[in-house]
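S.K.: structure here, sequence nowhere to be found:
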């Protein structure tokens, strides 16, 4: 059955579908960066609330600023913006559900004005973002906004025809201020420490360069809640689409696949109201810091600890790495010995149980999460997910071989060939620059660790870390992943 509004009532039994009429929704959110995670997370929560006959004025209008977003737009538009949420797990209780909370999508390349008008509508009270870790134009080394980027320079010179997310937000907020329609909340859903604070810093830096008076208004009126977001959402493959068709009879141009686990902890700082997401499982708090530190250091950090080593061994899915006893033990040692002692108590969370749940989630065979996805954009992920842990270990005089092995594995991964001789591409905007640093062994540590945008200043200045990195890198090259892991684990 082709998924579209006309066929909604004819879907096979057992497929959950909207209990509300999607045609009766009113848009209250614009989401910039419609991808798998947004559709499996924020949109899924909003749909769940609508299925309680609440929040029907909080429908989501998607927005795409990149040419690559057209494929998603066309797939969704062709089926009335409906899509299937396809949970995959090893146990019972997984769900197949049609989502209707996203009911439109605008593309910047079709004209900036339509999107600006949408953002300026009084009914839009939240603008949410999934623009990737690197999308905030913050230099990880200095912590400063990258005003020198061509995209930003264009928007400063052409504020009425923006191309960047910050150009769009500033122009929309300027129009709202002049019209007296009030601000909206800017809500980051990206995997960043203090993601709301990062969004605020970037937007205010842009606004000050463009219009200091507008910047002061934004500073005083716009809210930027921090949030911890969590759900493993692999890239949807042709095999996933075929599986959905064969097992459930749904022909969906672009379903979203995800694990059953779902979590969202967000600070309750919304300047223009919000949906009652707490009724469908969202946890609101005054301070998200302990939750995000737990998630980013344990889940995201451990992901990187596993995936580059696993990729070098020839594995291509996360669950395959967990089935390797050495990788499994190494990940738990990294979690227990290196990360956990750095974490503050997390209200309502048993850390031992949380780490066990991560192991179970990573081992989920049904979801078939791709290592390529987790390995991508390493140059943006390391500063957020690994470097803070390494810095604390260095400052405390703690053992460094496990965390240095994560960095060494990435450096070897950048060579583009695994232990079996298979070649692969490096999915990273900075791939060429990073790969150039690992061409020669002589001076490699200084070139790799000396990239302040990734590793800051403490790591390259630590003789102990440099030594541990070189030892692990040479061991991986000379003895391979398994033997290196045996040595690190003391076997």
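M.R.: Now that the structure is in, tell me what you want to look at. If you're wondering where the values come from, they're calculated on a predicted model, not measured in any experiment.

S.K.: not counting residues beside it along the chain, what's closest to residue 7?
M.R.: residue 1 (5.4 Å; C-beta to C-beta, 6 or more residues apart in numbering). Where you see a C-beta, it was placed from the backbone N, CA and C, and this is true even at glycine.

S.K.: tell me how far that neighbour lies from residue 368.
M.R.: Remark: distance between residue 1 and residue 368 (C-beta to C-beta, to the nearest Å) = 24 Å.

S.K.: who's more crowded, those two?
M.R.: Neighbour totals were compared for residue 1 and residue 368, and residue 368 leads with 19 against 15 (other C-beta atoms under 10 Å).

S.K.: quick one: residues contacting that one.
M.R.: Neighbouring residues of residue 368 by C-beta atoms under 8 Å, 6 or more residues apart in numbering: 88, 234, 237, 317, 319.

S.K.: pLDDT averaged over the host helix or strand of residue 319 - what is it?
M.R.: Assessed by DSSP states H and E, residue 319 sits inside helix 318-322. Regarding helix 318-322, the rounded mean pLDDT is 97.

S.K.: what helices and strands are in contact with it?
M.R.: Using 3 or more C-beta pairs under 8 Å, 6 or more residues apart in numbering; DSSP states H and E as the contact test, the elements touching helix 318-322 are helix 301-313, helix 325-333, helix 351-362, helix 371-375.

S.K.: quick one: which of these is nearest residue 481?
M.R.: helix 301-313 (4.9 Å; C-beta to C-beta).

S.K.: now the closest one and helix 351-362, what's the angle there?
M.R.: 40 degrees (axes from the mean of the first three to the mean of the last three C-alpha atoms, to 10 degrees).

S.K.: hmm, which of the contacts of residue 368 are the buried ones?
M.R.: Among the contacts of residue 368, those classed as buried by 16 or more other C-beta atoms under 10 Å are 88, 234, 317, 319.

S.K.: farthest-separated two in these?
M.R.: Using C-beta to C-beta, the two most remote members of the buried ones among the contacts of residue 368 are 88 and 317, lying 12.3 Å apart.

S.K.: helix/strand/coil for residue 186?
M.R.: strand (DSSP: H, G, I helix; E, B strand; the rest coil).

S.K.: hmm, it is touching residue 168, no?
M.R.: No - using C-beta atoms under 8 Å as the test, residue 186 is too far from residue 168 to be in contact (11.1 Å).

S.K.: flag the shaky bits of the protein, pLDDT-wise.
M.R.: The model of the chain has no residue with pLDDT under 70.

S.K.: break it into its domains for me.
M.R.: Here the domain parsing of the chain from automatic domain parsing is 5-285, 289-488.

S.K.: contact partners of the helix or strand residue 43 falls within?
M.R.: Taking DSSP H and E as the definition, residue 43 sits inside helix 42-50. When contacts are defined by C-beta under 8 Å, 6+ apart, helix 42-50 is touched by residues 18-20, 25, 29, 31, 55-56, 58-60, 85, 97, 99-102, 128, 189, 229, 262, 264, 275-277, 279-282.

S.K.: ok, the helix or strand following that helix: who's next to it in the sheet?
M.R.: Going down the chain from helix 42-50, the next helix or strand is strand 59-64, by DSSP H and E. Strand 59-64 has its sheet partners listed here by DSSP bridges as strand 27-32 (parallel), strand 102-107 (parallel).

S.K.: what packs against the helix or strand following strand 59-64?
M.R.: Next helix or strand after strand 59-64 toward the C-terminus (DSSP H and E): helix 69-77. For helix 69-77, the elements it packs on are strand 59-64, strand 102-107, judged by 3+ C-beta pairs under 8 Å, 6+ apart.
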